[in-house]
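1. Here's a sequence, model it:
(one chain, ligands or ions: 1)
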Amino acid sequence: MDSRLPGLYKQDLDQRLSSVAERADLSEDAVRALEGKSFDAEDADTVSENVIGTIEFPLGIATNFRIDGQDRFVPMAIEESSVVAAAANAAKWARQTGGFYTSVSGPVMIAQIQTVDVADSHAAALRIQRRAEELIELANEQDPILVEHGGGCEDIQTRVVDTPRGEMVITHLVVDVRDAMGGNAVNTMAEALAPEIESVTGGDVLLRILSNLADRRLARASCSIPPAELESDEIDLSGTEIRDRIVDAWAFAESDPYRAATHNKGIMNGIDAVATATYNDWRAIEAGAHAYAAADGYGPLTNYAVDGEGNLACTIELPIQAGTVGGATQLQPVAKAAMELLDVDSADEFAGVLAAVGLAQNLGGLRALVSEGIQSGHMNLHAKNIAVQAGSPPDLVDEIAARMVATDEIRQDRAEELVEELGE
Ligand code: NAD
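-> Numbers count the residues shown, from 1 in each chain. Below is the predicted model of the structure:
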């Protein structure tokens, strides 16, 4: 599979789907799901509550990705323009040195059990640890299927946490959740252990819930960009100047949380879009990413430096709590098609892909920010949205957008004038 499809953006919708489907050898079910409205309010009613309808997102394909030697199409569900194009651009630059390389720490989640009103917190924590083997066994009895897949509770850890309401004994269940996101799996285990924890500690158990600070489930990706890849005809800067400016932009984020928040938002643009496309819980991934970024004073999740060959060395590390099974991943036909496109065999592989996409997204955004700025490219892509907002009939949207781009007047008042002029 070759993930390069130059000119895909110029094809019409039907052509685009068949180009991608053919190249990725998509199943008939997946193509049918992508072609039409395969998920209506009645289907949605089984997923959520008080359902009154569904809402669609554009599903785009970021081309050019090569991750750990394998080319992949990356499906991205997102309403913001420029995101898919930026990811595909950065993936193209990375191809020159083999693409992205990833590593993951394993699909290990933590569930927490909060115990209050313990008379002897530290001694109680030790008593829990002495019963660890028994507690692990009890946890694993809750999920024989997970154990069958090679996962399960691996460890019990305890902490005594000082809070405004006094000391609390916090028990951590360290659980290998294999290909699941793991939320339900670990919560069930935590709930099952609660009575035992109460009897061992003599306290009252309150919360029994996973931690989204999934710092045992880290994904890392790296790539190396030759400076020449960063050059463009439209900008009067050399590749090395752009490279150095990107390192300066990273240093800004490293030293200023106001910038780091936006730097990390750029990363999550890509990761959330893939999580949405695959019906994964992007709120969990978001919570984990920002909590991890704040662990040592809020900072950027990526790192940029110049390597010994003068290339831009780019890396990312963040918790990725996403699954290829479980949750809602199997409930939406388009999400299943998106998973088929990604062609990942495990949650670990998926986590590496998500980290690579986050890195590409950040790099693509920074490249624009340090040179022409993001607004020119963004506004060109946003012009159609402005035309629609100004009341353009569907058949005039392309024409109005093109005229606004040509004269560099991408504004609602200009779009309204054009609607009036061309609509007559
Ligand atoms: P799940 O319970 O639907 O699926 C996981 C189960 O699938 C496992 O327990 C196992 O029994 C089975 N399974 C089959 N094949 C497997 C394989 N190869 N690897 C692993 N398990 C396999 O879902 P889940 O992943 O436990 O929970 C995900 C859901 O939890 C998401 O919908 C998320 O929104 C929700 N959730 C999140 C939070 C949070 O993030 N704070 C809290 C509560 C719930």
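
2. On the pLDDT front, check the closest residue to the ligand within the stretch 1-150 of the chain for me.
-> Ranked by C-beta to the nearest ligand atom, the top residue of the stretch 1-150 of the chain for proximity to the ligand is I145, at 3.6 Å. Heads up, the C-betas are built off the backbone N, CA and C, glycines and all. With respect to pLDDT, I145 scores 98.

3. Hmm, T188 and A111 touching each other?
-> No: if you go by C-beta atoms under 8 Å, A111 and T188 don't touch, sitting 9.0 Å apart.

4. So for these two, which residue has more residues nearby?
-> A111 (27 against 16; other C-beta atoms under 10 Å).

5. Now do the contacts for the residue of the stretch 151-300 of the chain found nearest the ligand.
-> Closest approach between the stretch 151-300 of the chain and the ligand, counting by C-beta to the nearest ligand atom: G183, at 2.4 Å. Going by C-beta atoms under 8 Å, 6 or more residues apart in numbering, G183 touches 210, 281, 284, 321, 327.

6. most neighbours, which of the residues you listed?
-> Neighbour max across the contacts of G183 (other C-beta under 10 Å) = Q321, 28 neighbours.

7. Could you look up the SS state of that residue?
-> coil (DSSP: H, G, I helix; E, B strand; the rest coil).

8. For the residue of the stretch 301-424 of the chain found nearest the ligand, give me the pLDDT.
-> The nearest approach of the stretch 301-424 of the chain to the ligand comes at G326, 2.4 Å away (C-beta to the nearest ligand atom). You'll see G326 listed with a pLDDT of 94.

9. same check, this time on E424
-> So E424 comes in at 77 (pLDDT).

10. Next, count neighbours for it.
-> 5.

11. Now do the contacts for it.
-> Contacts of E424 by C-beta under 8 Å, 6+ apart: none found.

12. Read off the pLDDT value for A190.
-> At A190, the pLDDT recorded in the model is 98.

13. can you tell me which residues contact it?
-> A190 neighbours (C-beta under 8 Å, 6+ apart): 111-113, 173, 208-210.

14. Of those, which ones also sit close to the ligand?
-> L210 (C-beta under 6 Å from any ligand atom).

15. Can I get the buried part of the contacts of A190 as one PyMOL selection?
-> Remark: buried members of those, expressed as a PyMOL selection using 16 or more other C-beta atoms under 10 Å:
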select buried, resi 111+112+113+173+208+210
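
16. hey, C-alpha coordinates of the helix or strand of the chain with the lowest mean pLDDT in PDB?
-> Among the helical and strand segments of the chain, the one scoring lowest on mean pLDDT, DSSP states H and E is helix 374-389, with a mean of 83. Output in PDB follows, covering the C-alpha atoms of helix 374-389 (Å, rounded to 0.1, in the frame of the first residue of the first chain):
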ATOM      1  CA  ILE A 374      -1.600  30.000   9.300                       C
ATOM      2  CA  GLN A 375      -4.300  32.500   8.200                       C
ATOM      3  CA  SER A 376      -3.600  32.600   4.500                       C
ATOM      4  CA  GLY A 377      -3.800  28.800   4.000                       C
ATOM      5  CA  HIS A 378      -6.600  28.500   6.600                       C
ATOM      6  CA  MET A 379      -8.600  31.300   5.200                       C
ATOM      7  CA  ASN A 380      -8.400  30.000   1.600                       C
ATOM      8  CA  LEU A 381      -9.800  26.700   2.900                       C
ATOM      9  CA  HIS A 382     -12.300  28.600   5.100                       C
ATOM     10  CA  ALA A 383     -13.600  30.700   2.200                       C
ATOM     11  CA  LYS A 384     -16.300  28.200   1.400                       C
ATOM     12  CA  ASN A 385     -17.500  28.200   4.900                       C
ATOM     13  CA  ILE A 386     -17.800  32.000   4.800                       C
ATOM     14  CA  ALA A 387     -19.700  31.800   1.500                       C
ATOM     15  CA  VAL A 388     -22.200  29.400   3.100                       C
ATOM     16  CA  GLN A 389     -22.500  31.600   6.200                       C
END
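
17. What lies in contact with it?
-> Contacts of helix 374-389 (C-beta under 8 Å, 6+ apart): 81-82, 85, 365, 368, 396-398, 400-402, 404-405, 410-412, 415, 418-419.

18. List only buried entries from the residues you listed.
-> 81-82, 85, 365, 368, 396-397, 400-401, 404-405, 410, 415, 418-419.

19. Could you list the low-pLDDT ranges of the stretch 101-250 of the chain?
-> By pLDDT under 70, the stretch 101-250 of the chain has no low-scoring segment.

20. Quick one: name the residues of it near the ligand.
-> Near the ligand, when you scan the stretch 101-250 of the chain using C-beta under 6 Å from any ligand atom, you find 143, 145-146, 149, 151, 177-185, 187, 210, 212.

21. Which of these are buried? Put it as a ChimeraX command.
-> One line in ChimeraX is enough to select the buried ones among those; burial here means 16+ other C-beta under 10 Å:
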select :143,146,151,177,178,179,180,181,182,183,185,187,210,212
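
22. Show me the residues of the stretch 101-250 of the chain next to the ligand that map onto helices.
-> Secondary structure assignment by DSSP state H places 145-146, 183-185, 187 of those in helices.

23. re the thing from before, out of the contacts of A190, who's nearest T54?
-> Each of the contacts of A190 was scored against T54 by C-beta to C-beta, and L210 proved nearest at 27.8 Å.

24. Could you check how far the closest one is from A190?
-> Going from L210 to A190 by C-beta to C-beta, to the nearest Å gives 8 Å.

25. do the same with A402
-> A402 is 57 Å from A190, by C-beta to C-beta.

26. picking that back up, in TSV: the contacts of G183, plus distance to D155.
-> Below are the contacts of G183 laid out as TSV (distance: C-beta to C-beta, whole Å):
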residue	distance to D155
L210	15
D281	24
A284	21
Q321	18
G327	24
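
27. Tell me the one of the ones in helices among the residues of the stretch 101-250 of the chain next to the ligand nearest V247?
-> So of these, ranked by how close each gets to V247 (C-beta to C-beta), first place is G183, at 37.5 Å.

28. which residues of the stretch 151-300 of the chain fall in strands?
-> Applying DSSP state E, counting those that start in this stretch to the stretch 151-300 of the chain gives strands spanning 152-163, 166-176, 204-211, 218-225.

29. looking at these, which is closest to P107?
-> strand 166-176 (6.1 Å).

30. center of this structure - which residue?
-> I271 (2.0 Å; C-alpha atoms, centre = their mean).

31. I'd like the distance between it and P393.
-> For I271, the distance to P393 - C-beta to C-beta - is 36 Å.

32. now swap in A88 and tell me
-> 31 Å.
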